[in-house]
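K.L.:
build me a model from this:
(one chain, ligands or ions: 2)
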Amino acid sequence: MKKIHIKTWGCQMNEYDSSIIFHVLQKKLKYIATKNAEKSDLIILNTCSIREKAQEKLFDQLGRWKKLKHINKKLIIAVGGCVAAQEKKNIYKRAPYVDIIFGPKTIHRLPKIIKKIYKKRKKIINIQSNSLKKYKFYKHHSLKKISEYISIMEGCNKCCSFCIVPHTRGKEISRNPEEILSEANFLANNGTKEIILLGQNVNSYKGKSINKSILKLSNLIKLISKIDQIKRIRFITSNPMEFTDDLIKIYKKVPKLVSYLHLPVQSGSNRILKKMRRAYNISIYKKIIQKLILYRPNIQITSDFIIGFPGETREDFQKTLKLIDEIKFDMSFSFIYSKRPGTPAARLLDSVSLQEKKERLYFLQKKIQKNTKFWSKKMIGTRQKVLVEKFIYKNNIKKLFGKTQNNRTVLFKGSKKLIGKIINVKIKNAHMQTLKGEL
Ligand code: SAH
Ligand code: F3S
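P.N.:
Ligands and ions are numbered 1, 2, ... in the order given. This is a model prediction of the structure:
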């Protein structure tokens, strides 16, 4: 039996894709997984290119694996994911020992490609595909996870000036609702209690049903909520551009949808949002949040921020800080702007020094951390509904691990039979996003 070693960088979508890579190769070519690159016959690196750093890492990693080819002459090295889709044959220029370059949408073709390589030993690039055939091979592992992802769409039709995703993942494609529901039912029958709907832009979901009607994310959430065993529904990542009223109202109609939303705003300055080609302004963003609170008063909001976008002045940055104070974002993924080749923002003059950007990032993250502490502290003494996922060991003590609606981890003592249940836990203590509780 041949062994495969898969390394994954980047978002949840890449994790999901890696899982498909493994299943397709296990099914078609009988590969088995190994954590040890030295002992494998095939190494696959599933890459991310959202920021520059992730991309640089690729060639460092490949350099280390190059040596393994001297030991095992038949070793195949494949590069997939967003850097592969972006750089294509350029990867061969810096790493000529790479055998296969494939994209996020051509995963299902890997068995054929690998067979060809064994026969002819030539290099193969296979990036383009307009289909979602790869999902046919997604097989949920038998681990019976309480919380599971289901990818519902991929790609992006927006054109935010800083973002590489539309180039690497291509146009939006939505999976059809029947396929998603069948996956959700399968998971529910195998012990899953929480489903996280996944996509680069989940709220742009437009799935064509068998009866030809087009379903939106709100319709899909409603359908999934009808599955009895599913107790909670989450989704990531959405954007404020298509956060329509039907989706806002669903927070009232579907109690299984958690009181938590990650809604990336990127900047608090209208001037910068315009340069970023985000099709909303701060007043529209705030209106979305106000409406959400109307339908779900205790909803907790987290966000993404890009710091030091070309031309971001101190005043612009102050506006971002002001927005953080107003919304009291609970958490953020915040990064310094990274210039992505071929994107419109790459042509803009970047006049802010790196030092200044670092200071702004530090300041912003400190502010958000204060909010995280504030919200966590507010939870001390309250009783929270916790979905218990598993046991973990913390300082050698076995504890139950669960999540609150607002995505905080709660650790507490309890028995195995609570796993998979939603139970009341009293919050005794808080450290940032981790809470200690008592049954
Ligand atoms: N679809 C979502 C987010 C997609 S990308 C949205 O519309 O907001 C995920 C996050 O990566 C973004 O929210 C952004 O904060 C970050 N990101 C994307 N491109 C970036 C870049 N060039 N530099 C720094 N951060 C970036
Ligand atoms: Fe990127 Fe904007 Fe789409 S951030 S993923 S281009 S919505």
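K.L.:
contacts, neighbours, all on C-alpha from now
P.N.:
OK.
K.L.:
for the worst-scoring helix or strand of the chain on mean pLDDT, which outside residues touch it?
P.N.:
Least confident helix or strand, the chain: helix 52-66 with a mean of 86, by mean pLDDT, DSSP states H and E. With contact meaning CA atoms under 8 Å, 6 or more residues apart in numbering, helix 52-66 is reached by 9-10, 37, 47-49, 83, 94-95, 97, 338-340.
K.L.:
now swap in stretch 191-199 and tell me
P.N.:
Looking at what lies outside stretch 191-199 - CA under 8 Å, 6+ apart - the contacts are 12-13, 144-155, 184, 229-237, 420.
K.L.:
hmm, 7 Å instead?
P.N.:
With contact meaning CA atoms under 7 Å, 6 or more residues apart in numbering, stretch 191-199 is reached by 13, 144-154, 229-237, 420.
K.L.:
in ChimeraX, select just the buried ones from these.
P.N.:
Per 16 or more other CA atoms under 10 Å, the buried members of the contacts of stretch 191-199 correspond to this ChimeraX selection:
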select :13,145,146,147,148,149,150,151,152,153,154,229,230,231,232,233,234,235,236,237,420
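K.L.:
and ligand 1, which of the contacts of stretch 191-199 reach it?
P.N.:
Subset of the contacts of stretch 191-199 in contact with ligand 1: Thr237, counting by CA under 6 Å from any ligand atom.
K.L.:
in strands, which of the contacts of stretch 191-199 appear?
P.N.:
Per DSSP state E, strands hold the following members of these: Ser147, Glu148, Tyr149, Ile150, Ser151, Met153, Glu154, Arg232, Ile233, Arg234, Phe235, Ile236.
K.L.:
now, the most widely separated pair of those?
P.N.:
Comparing every pair within these by CA to CA identifies Glu154 and Arg232 as the most remote, at 22.3 Å.
K.L.:
quick check: buried residues in stretch 182-190?
P.N.:
Across stretch 182-190, burial judged by 16+ other CA under 10 Å covers Glu183, Ala184, Asn185, Leu187, Ala188, Asn190.
K.L.:
now the residues you listed in JSON lines, with secondary structure?
P.N.:
Converted to JSON lines, the buried residues of stretch 182-190 look like this (DSSP: H, G, I helix; E, B strand; the rest coil):
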{"residue": "Glu183", "secondary structure": "helix"}
{"residue": "Ala184", "secondary structure": "helix"}
{"residue": "Asn185", "secondary structure": "helix"}
{"residue": "Leu187", "secondary structure": "helix"}
{"residue": "Ala188", "secondary structure": "helix"}
{"residue": "Asn190", "secondary structure": "coil"}
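K.L.:
with pLDDT as new columns, can the ones in strands among the contacts of stretch 191-199 be given to me in CSV?
P.N.:
Converted to CSV, the ones in strands among the contacts of stretch 191-199 look like this (pLDDT from 0 to 100):
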residue, pLDDT
Ser147, 95
Glu148, 93
Tyr149, 93
Ile150, 94
Ser151, 94
Met153, 95
Glu154, 93
Arg232, 98
Ile233, 98
Arg234, 98
Phe235, 98
Ile236, 96
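K.L.:
since that was my last question, I'll sign off now.
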